[in-house]
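Asks: this is the structure alone, sequence omitted:
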């Protein structure tokens, strides 16, 4: 439109306005559609039962990074949820105390608290429940009892005043329940607002054109049927392999019965929690068994085995662009480690 | 001296000046004595062979935190040298790839580069040598070969440009040698200037009175015979148990032949590198076998088995106060983890 600057002719400008208005309308429609399916992250996820207080978060952050409470002294929450790896361990399946290999992949700790249940099979009801049970889970901290775990905590003098401050008016605040509340409170702050949140809140330029197209494709293809809510996932259970055999599609070495092992209900065979897709571009490998290395491949396989759809290369690229808009910066007080109160046992830790 | 403000009587003031002057003289003597034995930390420890460049430090910092290069995908330098634990793992003896237990205690990575050799037995000549050999050491990263380690590095696309930037004019810069140089360059920046450095540089108030007394006691007792130089240790080998049986004094479960296993020289039986005492208050447990839990106990035992001296409780307190003045803040780009370039294998890592 080189001539527009030369002559006073409003035609192209009117056309330009019309296009902008159409684009805006499209964005508004897309935002309205997206807002009906998803939600942006709140400031924190504290609850009436476990409010986010500075004292709980401070203590929980220390405990999260402390390996001295585990059976072999080498497992902390941060062992499988590493600051350098976006809250994951980048392993297909994780390794717990005494090098026991977990059958499933560690999901990122970021935004974990938005999910309706925790872990792939939903056998942890909340981030607090997860933290408490990790203490004695053989595949996590591996302690023989809660008492042995609490004894190790009490042997580090720096912790007593911090538990007292986080749980005032309790006579003996160093308990498994308060361990769970402190770590849970910290986890309820580990949220990663992303460009997609800014888009939902009205910023058109937060998503690239291809990411917006990807969002439309994501919805139209049916991905949002399961991956929805504030976590873009984490709101329901679903069978892995609705339309096609998941285990054959991924070449997964182990057929996992999923939630069936928890409930013994045949309807739960191969059923897993639908994963939150926040930060998915930063947290390979994928799926409950870490059987797929790249995001485009994961998108292709999901469309096939869950929706019976073979995506074009272009559709995969678009959806990946949308998924990349779910990456938010790592929370500062996760990437920066706390300095733990010193104290160490001199003989091998209690097994 | 409430009356000093009321009457013009110079007596007490003159006395006060005299005391200050005496104290200053004492401080000057102590500083002169200390400066002959110790030295304050430089800004960095780059060498002509491996200069500290921003590109090498940036790459080395990423590599330091990356567990994906190890045999089981769970061991990085940061596994045994954790940000939350002052660059240690707080274990008596460390745990490497595949849960192989190391016979010795991991020393802090802080100021490691000031030492004349690395590791307790001096079987690593430099931080670069240490980093290279860790790749294939069964008790560290446990890779079967350098080639398999480099293949894992090359599989993470984000590393190629960083190696190229850190080692320009090299055709294939992803090599074990450059791995060692990058991590070594980073380690040469992990220095922790402490109140003791400020004291050496002329700040009298950097050390408390008890710490200054402790410094005198440390020198007078003979501790500085071995623990000297910029690291307050790390300048020589010494036999553990010169005056008394070390293994009986500590109740250590394993009698360690020390450097003898490296040289087969009978003179090296039970000989170890003298540890740097910088940050010793933050890095229990103590000694090559992590057999002692607390710093006062470690000080008492050292005086007995190395110097044949039984310290009074007061002398132990003084020396501990001096040792606490060797604690410097953790370097910011160690406590804050880098965000690693994503990339993961989908099957269990190559063993």
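Replies: The structure has been received and is ready for your questions. Since the model is a prediction, treat every value here as computed from it, not as a measurement. Residues are numbered from 1 along each chain as shown, chains lettered A, B, ... in the order given.

Asks: please enumerate the strands of the stretch 201-350 of chain A.
Replies: A:237-239, A:271-273 (DSSP state E, counting those that start in this stretch).

Asks: dump the ones you listed into TSV; add distance to chain B and mean pLDDT as well.
Replies: C-beta: built from backbone N, CA, C; applies to glycine. Putting the strands of the stretch 201-350 of chain A into TSV (distance: least, Cβ to the nearest Cβ, whole Å; pLDDT from 0 to 100) gives the following:
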stretch	distance to chain B	mean pLDDT
strand A:237-239	21	97
strand A:271-273	17	97
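
Asks: quick one, which of those is packed in tightest?
Replies: With neighbours taken as mean count of other Cβ atoms under 10 Å in any protein chain shown, those reach their highest mean count in strand A:271-273, at a mean of 22.

Asks: neighbours around residue A:44, how many?
Replies: Neighbouring residues of residue A:44 were enumerated by other Cβ atoms under 10 Å in any protein chain shown; the total is 15.

Asks: kindly apply the preceding question to residue A:130 instead.
Replies: 24.

Asks: how about residue A:305?
Replies: Per other Cβ under 10 Å, the neighbour tally for residue A:305 reads 21.

Asks: list the contacts for it?
Replies: Residue A:305 makes contact with A:240, A:241, A:242, A:243, A:244, A:245, A:246, A:249 under the criterion Cβ atoms under 8 Å, 6 or more residues apart in numbering or on different chains.

Asks: mind checking pLDDT for it?
Replies: Turning to residue A:305, the model gives it a pLDDT of 95.

Asks: which one is it nearest to, not counting chain neighbours?
Replies: Closest residue in space to residue A:305, ignoring its immediate chain neighbours: residue A:244 at 4.4 Å, by Cβ to Cβ, 6 or more residues apart in numbering or on different chains.

Asks: name the nearest of the contacts of residue A:305 relative to residue B:202.
Replies: Nearest to residue B:202 among those is residue A:240, at 67.9 Å by Cβ to Cβ.

Asks: residue contacts, the closest one?
Replies: Residue A:240 neighbours (Cβ under 8 Å, 6+ apart): A:246, A:258, A:270, A:271, A:272, A:287, A:288, A:305, A:306.

Asks: adding distance to residue B:337, write the residues you listed out as a markdown table.
Replies: A markdown table is the format used below for the contacts of residue A:240 (distance: Cβ to Cβ, whole Å):
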| residue | distance to residue B:337 |
| --- | --- |
| A:246 | 34 |
| A:258 | 33 |
| A:270 | 36 |
| A:271 | 35 |
| A:272 | 29 |
| A:287 | 26 |
| A:288 | 26 |
| A:305 | 35 |
| A:306 | 34 |
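
Asks: so which of these comes closest to residue A:93?
Replies: Of all the contacts of residue A:240, residue A:93 sits closest to residue A:288, with 8.9 Å by Cβ to Cβ.

Asks: in contact with the closest one, which residues?
Replies: Residue A:288 sits next to A:104, A:105, A:120, A:240, A:256, A:258, A:272, A:275 when contact means Cβ under 8 Å, 6+ apart.

Asks: thought residue A:258 was touching the first one, still the case?
Replies: No: distance between residue A:104 and residue A:258: 9.6 Å, which falls outside the contact criterion (Cβ atoms under 8 Å).
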